[in-house]
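Trainee: Below is the structure, and that's it, no one-letter string:
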């Protein structure tokens, strides 16, 4: 029997797709080399150390996905390898970037927006395909987009849009906001304001977080008077993206109101409390290998490698340009255990994906929420839509 026919039969067996012609089903083997490039950072001091950042954050998701695609690929003549380049906080990230780009054409980058742009703009990256698995910075999907950079982590504005869709659906229309002092808090607060306006909600009052006391002992005493002068509201939003003070706000406010944003009801790329669409099975597999719950950055890395695997199967190639073209096409769909197929926006490289709005113990719902319509894809109601994005790299 010809090897091409054997490959087609193997594809049908592992994907459930019949023996119809599929581009790239040929006899040659495919070697897929992937790099995970991470710039470590020193965590900022916070009031509580109850939730330390896992040392393998992101990497654990990539490892799980690699095992999954490799299990499928062995039936199709595909081999996969993942190399982690972990740069310490005081390490030479530029040198690590050159090493990564020399080692493979497919690179997952776990770094800040500025570092992502530095990697994407390196001459050696011109013919590579990079995946942003860490930064939700809007500019990377707009004026600072790069044609060789796709995004599997949700943009910040998509998360706040998801939250506001849920609040609008519940008719919780009057919002108050507490904003932390750190740069990430200020950016997130700005997205909360813009998303509230986008979906017709009213921000009735704001306060800047200014405590320098130990709230582990004083939250019950300090927080009620701090929130007392806020106008009456339906929901109290918290912008605390560094996980510093938000945990002390809930149940310590003057008015008995739900808390949302960085605490309470959170919009997340992934949460372990999702139970539908096979999400439990994904979480169980992750927990077996990593020994902890999957987080949003783990999911972003998992999605990037699963997207690579899906594109390799369909094209029979590991060439970055070939894979990019397929991923940005209308044909590409990835089962992401979120109730609908995931795809990439062809105008800025952002992966379309539902956003989980959840509390610590249960999923509230997935956004986009029913009733928020879009002429092309309802997921495009979350984050920058094509007319709003200033990204031109994907059309030039």
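Mentor: Nice, thanks for sending it over. Since the structure is predicted, the reported quantities are computational estimates derived from the model, not experimental observations.
Trainee: buried ones in the helix or strand hosting residue 193?
Mentor: Taking DSSP states H and E as the definition, residue 193 sits inside helix 183-198. Of all the residues in helix 183-198, those buried under the rule 16 or more other Cβ atoms under 10 Å are 184, 185, 187, 188, 189, 190, 191, 192, 193, 195, 196, 198. Just so you know, the C-beta spots here come from the backbone N, C-alpha and C atoms, and that holds for glycine as well.
Trainee: export those residues to TSV and tack on distance to residue 89?
Mentor: Shown next, in TSV, are the buried residues of helix 183-198 (distance: Cβ to Cβ, whole Å):
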residue	distance to residue 89
184	17
185	21
187	22
188	23
189	27
190	27
191	27
192	30
193	32
195	33
196	36
198	37
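Trainee: Closest to residue 222 out of those?
Mentor: residue 185 (18.4 Å; Cβ to Cβ).
Trainee: quick one: the closest residue to the closest one other than its chain neighbours from residue 154, how far?
Mentor: Spatial nearest neighbour of residue 185, excluding adjacent residues (Cβ to Cβ, 6 or more residues apart in numbering): residue 239 at 4.7 Å. According to Cβ to Cβ, to the nearest Å, residue 239 and residue 154 sit 17 Å apart.
Trainee: again, but for residue 340
Mentor: Taken as Cβ to Cβ, the span from residue 340 to residue 154 is 15 Å.
Trainee: Neighbour count for the two, which is higher?
Mentor: residue 154 (26 against 17; other Cβ atoms under 10 Å).
Trainee: which SS class is that one?
Mentor: Here residue 154 is recorded as coil under DSSP: H, G, I helix; E, B strand; the rest coil.
Trainee: Likewise for residue 65?
Mentor: Going by three-state DSSP: residue 65 is helix.
Trainee: That one reaches residue 305, doesn't it?
Mentor: Yes - in this structure, residue 65 is within contact of residue 305 by Cβ atoms under 8 Å, at 3.6 Å.
Trainee: the more surrounded of the two?
Mentor: Legend: neighbour count by other Cβ under 10 Å for residue 65 and residue 305, higher for residue 305 (29 against 26).
Trainee: Check which helices and strands the helix or strand containing that one is in contact with.
Mentor: Counting by DSSP H and E, the element that carries residue 305 is helix 296-315. For helix 296-315, the packing partners by 3 or more Cβ pairs under 8 Å, 6 or more residues apart in numbering; DSSP states H and E come out as strand 30-39, helix 59-73, strand 78-87, strand 106-110, helix 279-290, helix 320-327, strand 334-335, strand 341-344.
Trainee: Could you check the angle the longest one makes with strand 106-110?
Mentor: For the pair helix 59-73 and strand 106-110, the angle between their directions (axes from the mean of the first three to the mean of the last three Cα atoms, to 10 degrees) equals 160 degrees.
Trainee: Counting by contacts, list what helix 59-73 packs against.
Mentor: strand 30-39, strand 78-87, helix 279-290, helix 296-315.
Trainee: Which residues are in contact with the closest residue to residue 396 other than its chain neighbours?
Mentor: Sequence neighbours aside, residue 147 is the residue nearest to residue 396 in space, at 7.5 Å (criterion: Cβ to Cβ, 6+ apart). Contact analysis of residue 147 by Cβ atoms under 8 Å, 6 or more residues apart in numbering lists 349, 393, 394, 396.
Trainee: close enough to count as contact, residue 79 and residue 29?
Mentor: Yes - using Cβ under 8 Å as the test, residue 79 is close enough to residue 29 to be in contact (6.9 Å).
Trainee: ok, residue 138 - how many residues close by?
Mentor: Other residues close to residue 138 by other Cβ under 10 Å number 23.
Trainee: repeat for residue 374
Mentor: Residue 374 - counted by other Cβ under 10 Å - has 12 other residues nearby.
Trainee: Helix or strand for it, just tell me which one.
Mentor: Using DSSP H and E, residue 374 falls outside every helix and strand.
Trainee: what residues are up against it?
Mentor: So residue 374 contacts 368, 380, 381, 385 (Cβ under 8 Å, 6+ apart).
Trainee: Quick one: buried ones out of those residues?
Mentor: The buried subset of the contacts of residue 374 (16+ other Cβ under 10 Å) comprises 368, 380, 381.
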